[in-house]
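Asker: Pasting the sequence and the predicted coordinates here, then a few questions.
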Amino acid sequence: MAEVREIKKSEIQAEVESLGWDFIAARPISYQPADWYLHIVLAARPNRTEYVTWIFNASLGGLHGGRYTPSLEQAENDYSSR
């Protein structure tokens with residue numbers, strides 16, 4: 001059986017900040033127990049000129065599948081729909 005553990009927001013925030021971005025939000029990709037290691041992340045450049053949504057993968061490590069936009073509204077829409 002696969003390992004299941006809780007991912008702390010601080011773990012995701014530290015990963016985002018290590019790349020020089022400001023953490024805004026994170027949520028599980030789904031509420032299926034098998035997806036425990038996947039979270040959607042919303043972040044911004046410190047000067048707020050660019051926003052990104054990533055998939056945080058605790059199993060592989062790190063942030064993946066970044067979608068970048070100059071608009072917070074577009075980034076929030078992507079964050080909500082992913």
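Answerer: The structure has been received and is ready for your questions. Residues are numbered from 1 along each chain as shown.
Asker: Make sure residue 15 is indeed in a helix.
Answerer: Yes. Counting by DSSP: H, G, I helix; E, B strand; the rest coil, residue 15 is located in a helix.
Asker: Can you give me the neighbour number for it?
Answerer: 20 (other Cβ atoms under 10 Å). Where you see a C-beta, it was placed from the backbone N, CA and C, and this is true even at glycine.
Asker: just for this protein, where's the confidence low?
Answerer: Across the chain, the ranges flagged by pLDDT under 70 are 1-4.
Asker: For it, which segments are assigned as strands?
Answerer: 22-28, 38-44, 51-57, 63-69 (DSSP state E).
Asker: Neighbouring strands of the third one in the sheet, and parallel or not?
Answerer: Strand 51-57 sits in its sheet next to strand 38-44 (antiparallel), strand 63-69 (antiparallel), going by DSSP bridges.
Asker: which stretch among the ones you listed comes nearest residue 27?
Answerer: With Cβ to Cβ, the closest approach to residue 27 among the strands paired with strand 51-57 belongs to strand 38-44: 5.6 Å.
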